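Peer 1: would you be able to build a 3D model of this:
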Amino acid sequence: MKVLAIVGSLRENSFSEQVARAAGDLAPEGVEIEVFEGLDSIPAYNADHDPALESPGPVPAAVEYLRNQVSAADALLIVTPEFNAGPPGYLKNAIDWASRPHKDSSLAGKPAAIVSQSPMPFGGIWANQSIRKSFTITGTPTVERELAIGKIDEKIEDGRLVDDQARADLTSLMAELNELVAVIADQDPEPVPA
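Peer 2: Below you'll find the predicted structure:
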């Protein structure tokens, strides 16, 4: 199973990126995590490029790349910090682009898990909940577990997530994402022979 991790921080080797890499180490056997590259090249969302329009403008190449990467993945892992009580604007922007065209987007039906982190004690839970709310609109089934890792700066050493509880919680989140993918695959109707 291929999981596309979209990291909501643009900083090199950010806490979010380190958590995404830890998720890869802690995922069930057979689950591979690929970290999305190119979040910083996605332009601001512009509805004039919505395929639902009668005469849409061209879709920017960075947006096509994002949509293709999301479509090719079996599941998504969103790993985000919290900025001013919400997710970073460029992460929300990517979700907005990926959500189009409505009801036929790369996010529709795509299983997802969300983990937020912060040096603050609450671990970015508002950013986590904001993305979760967006995913209810985009039709993106999301793991029920809310994982917000607080005091992340105390739980990472030399680029590794070392806190036992955080590792256990992340392991459980990845196992639940794996289960969600299997459940959704079982619900998909068999193709009708031509």
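Peer 1: show me the shaky parts of this protein.
Peer 2: The chain contains residues with pLDDT under 70 at 188-194.
Peer 1: tell me where it has strands.
Peer 2: 2-7, 32-35, 75-80, 112-117, 147-149, 156-157, 160-161 (DSSP state E).
Peer 1: got a list of what Pro43 touches?
Peer 2: By Cβ atoms under 8 Å, 6 or more residues apart in numbering, Pro43 lies in contact with Pro60, Ala62, Val63. Backbone N, C-alpha and C define where each C-beta goes, glycine included.
Peer 1: what's around the nearest residue to Glu154 once chain neighbours are set aside, how many residues?
Peer 2: Once flanking residues are discounted, Glu154 sits nearest to Asp163: 7.5 Å by Cβ to Cβ, 6 or more residues apart in numbering. For Asp163, the number of neighbouring residues by other Cβ atoms under 10 Å comes to 17.
Peer 1: return the distance of the closest residue to Arg167 other than its chain neighbours relative to Ile152.
Peer 2: Leaving aside its sequence neighbours, Arg167 sits nearest to Leu161 (Cβ to Cβ, 6+ apart; 5.8 Å). Leu161 is 8 Å from Ile152, where distance means Cβ to Cβ, to the nearest Å.
Peer 1: now the common contact residues for these two.
Peer 2: Residues touching both Leu161 and Ile152 by Cβ under 8 Å, 6+ apart: Val19.
Peer 1: could you pull out the helices for this protein?
Peer 2: Here the chain has its helices, by DSSP state H, at 15-26, 61-72, 89-98, 125-138, 164-187.
Peer 1: now distance to Val3 too, for those helices, in TSV please.
Peer 2: As requested, the helices of the chain are arranged in TSV below (distance: least, Cβ to Cβ, whole Å):
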stretch	distance to Val3
helix 15-26	8
helix 61-72	11
helix 89-98	15
helix 125-138	15
helix 164-187	7
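Peer 1: closest one to Val35 among the ones you listed?
Peer 2: Among the helices of the chain, the nearest to Val35 by Cβ to Cβ is helix 15-26 (5.5 Å).
Peer 1: how far off centre is that closest one?
Peer 2: Counting by Cα atoms, centre = their mean, to the nearest Å, helix 15-26 is centred 12 Å from the centre of its parent chain.
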